[in-house]
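> next one to model:
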Amino acid sequence: SDVCSSDLSVVATAPSGASARRTSDEIFLVGDIAAAKGADANEEGLVAGSFVLSRPGDATLPLTVAYDVSSATATAGVSYQTPSGTATFAAGESTVSVPITPRNDAALKTDATLTLSVLAGSGLYGGVGNTAALTLLDYAVPAGYNAWVATYDGNASSDANWSLGRAPVATDNILLGAWSSRNLTWDAAATHEVASWTQTADYNGLVTFPITYEGADVDAGFILFTVSGDVSVLGGAWVHPVQGDSSKTSAEPVERYRLNVAVGGDFTVGSGVNVSAQGRGRGFWVYNTNKGWSGRGVYGGYVVMDTNTMYSAEADEAFIPYGSILEPLDTGKGITSQTDSAIDIGHGGGAIHIVVSGDFVNEGRVIANGQTSTGTTGGSGGSIYVRASNILGDGSFEAKASNLTSSGAKAAGSGGRISLVATGSNAATSSTASAAGGRSFGWWQRENLIQEGAAGTVWLQSGADKTLLVRNVVDNWTDGAYHDLG
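This next block holds a predicted model:
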């Protein structure tokens, strides 16, 4: 016999090959640990597999067993989550499961075999060296696609971020799905044209297009993104970067970014998906020696305010709407609140300009609202322009002013501008589009009017049929809900 620990007095080998363990008054048969496959793992859908360890004989006492999982082709921590290395049988249990959870690993090109081996540990058991194997089924990128497989947030121009081992070219079909949900920036160094774009529901990251307006002061060499075939965005979101704030001395922040896209086929926005420029328009920051409020917060509609509290250099014409109703291109403008101790800068909505040769199907949200703010300021809505053969779906188009929710929010902006042009017979309906203006919050809107914004414009065109909508919503001061005033 061998003395093993303070609570084990005698160990002997039973005729069956099991190990006998004696405590102060009982003998328990431990036996050899057996290993078996429970289920294979699958990278598609990240379906976990498992090994099953079992012990024969008496299972009265708990038992911890050491093991190792290895593979010739799959890598722990990359192809699958690294197992803990120990499994514990609870008192009374004869089996215990060892889960194998797959991870998205684009480097894994084929199915992999994972082998579990029983190791010697601190517990008393036999069966060291027993093994079992399962298969980790590979989720291969479909042929004909260059898929986003980045391990970290990154740029489209980086070769390592793509399944083909190189950055996309103009003839590539782009695929974003379960292989990586890391955020993607389609930087100016990447191709500005691709053959098609598929973004599955398995992708939940953010795709940012830093597309700039034309002009020497803002053009970064990337003014249009072109997809020669179809676009399908069923997961995640599309955005452009936020415009910068103006300087303390500048009267006008620069318009730099917009989402400017041309599509040769159809463009589909899935349910729950955003194509968004919300809060990505211009901020406003002009030093005001009198403190109080500065900035315009105006775009598609007029803004009304108590001028005594506004920055004295703001001319009346600064609060008059501007830009095109038929093809809006501008970003919205923000508002600034300035006190002795803080500056709160709101941003207007950004700009979305999409031209589609086929149909535009929107089951999600296309939005260029002003910045949603819990502070004291917001901004105007931005602009949305969509031209397609037909504009279909039950999704929304929104270029509304900021939704101000703070009890101290005093400065709201106007609505933005939306133009939806169908060259065929089907256009978006009036119920799906809103460019509502904003109101100051709570008692400010009743007793101390500071700034309120009128509605922007919604232009709907289907062939020769043309409709211009100008309508607003306001807070009813009681239940906090917004109501359509027609």
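> where in the stretch 151-300 of the chain is pLDDT low?
For the stretch 151-300 of the chain, residues meeting the criterion pLDDT under 70 lie at 216-221, 245-253, 284-296.
> now do the helices in it.
Taking DSSP state H, counting those that start in this stretch as the criterion, the stretch 151-300 of the chain carries no helices.
> which parts of stretch 103-117 are buried?
For stretch 103-117, the neighbour count (16 or more other C-beta atoms under 10 Å) marks 103-106, 108, 112, 114, 116 as buried. In short, each C-beta sits where N, CA and C put it, glycine included.
> quick one: contacts for residue 169?
Counting by C-beta atoms under 8 Å, 6 or more residues apart in numbering, residue 169 makes contact with residue 191.
> give me the distance between it and residue 191.
6 Å (C-beta to C-beta, to the nearest Å).
> number of residues surrounding residue 186?
Neighbours of residue 186 under the rule other C-beta atoms under 10 Å: 22.
> quick one: average pLDDT of stretch 129-146?
For stretch 129-146, mean pLDDT rounds to 93.
> span of that stretch from start to end?
Using C-alpha to C-alpha, to the nearest Å, one end of stretch 129-146 lies 43 Å from the other.
> distance between it and the chain's centre?
Centroid separation between stretch 129-146 and its chain, computed with C-alpha atoms, centre = their mean, to the nearest Å, is 27 Å.
> got the buried residues for that stretch?
Residues 130, 132, 134, 136-141, 145-146 are the ones in stretch 129-146 that count as buried (16+ other C-beta under 10 Å).
> so which of the residues you listed sit within strands?
132, 134, 136-137, 146 (DSSP state E).
> residues near residue 40, how many?
Residue neighbour count, defined by other C-beta under 10 Å, stands at 18 for residue 40.
> contacting residues for it?
Contacts were defined as C-beta under 8 Å, 6+ apart; by that measure residue 40 touches 49, 134-137.
> need the max-distance pair from these.
134 and 137 (9.8 Å; C-beta to C-beta).
> shared neighbours of the two, anything?
Shared contacts of residue 134 and residue 137 (C-beta under 8 Å, 6+ apart): 40-41.
> now distance to residue 94 too, for the buried residues of stretch 129-146, in CSV please.
Output for the buried residues of stretch 129-146, formatted as CSV (distance: C-beta to C-beta, whole Å):
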residue, distance to residue 94
130, 16
132, 16
134, 20
136, 27
137, 29
138, 34
139, 34
140, 38
141, 42
145, 47
146, 50
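> any idea how far the nearest residue to residue 159 once chain neighbours are set aside lies from residue 189?
Spatial nearest neighbour of residue 159, excluding adjacent residues (C-beta to C-beta, 6 or more residues apart in numbering): residue 166 at 4.8 Å. Using C-beta to C-beta, residue 166 is found at 13 Å from residue 189.
> cool, residue 460 as well?
Counting by C-beta to C-beta, the gap from residue 460 to residue 189 is 39 Å.
> ok, the two, which is more surrounded?
Between residue 460 and residue 189, counted using other C-beta under 10 Å, residue 460 has the larger neighbour count: 22 against 12.
> give the closest residue to the more buried one in space, chain neighbours not counted.
residue 467 (4.5 Å).
> now swap in residue 356 and tell me
With C-beta to C-beta, 6+ apart as the criterion, residue 356 has its nearest non-adjacent residue at 3.9 Å, and that residue is residue 388.
> wait, what's in contact with that neighbour?
Residues in contact with residue 388 (C-beta under 8 Å, 6+ apart) are 267, 354-360, 421-423.
> looking at those residues, which is nearest residue 124?
Ranked by distance to residue 124 (C-beta to C-beta), the contacts of residue 388 are led by residue 267 at 65.7 Å.
> follow-up on the earlier one: can I assume the residue nearest to residue 460 is in contact with residue 459?
Yes. With contact defined as C-beta atoms under 8 Å, residue 467 reaches residue 459; the gap is 7.4 Å.
> quick one, which of these two is more surrounded?
Neighbour count, other C-beta under 10 Å: between residue 467 and residue 459, residue 459 has more, with 21 against 13.
> what sits against the more buried one?
By C-beta under 8 Å, 6+ apart, residue 459 lies in contact with 325-326, 417-421, 466-469.
> shouldn't it be within a helix?
No. Going by DSSP: H, G, I helix; E, B strand; the rest coil, the assignment for residue 459 is strand, not a helix.
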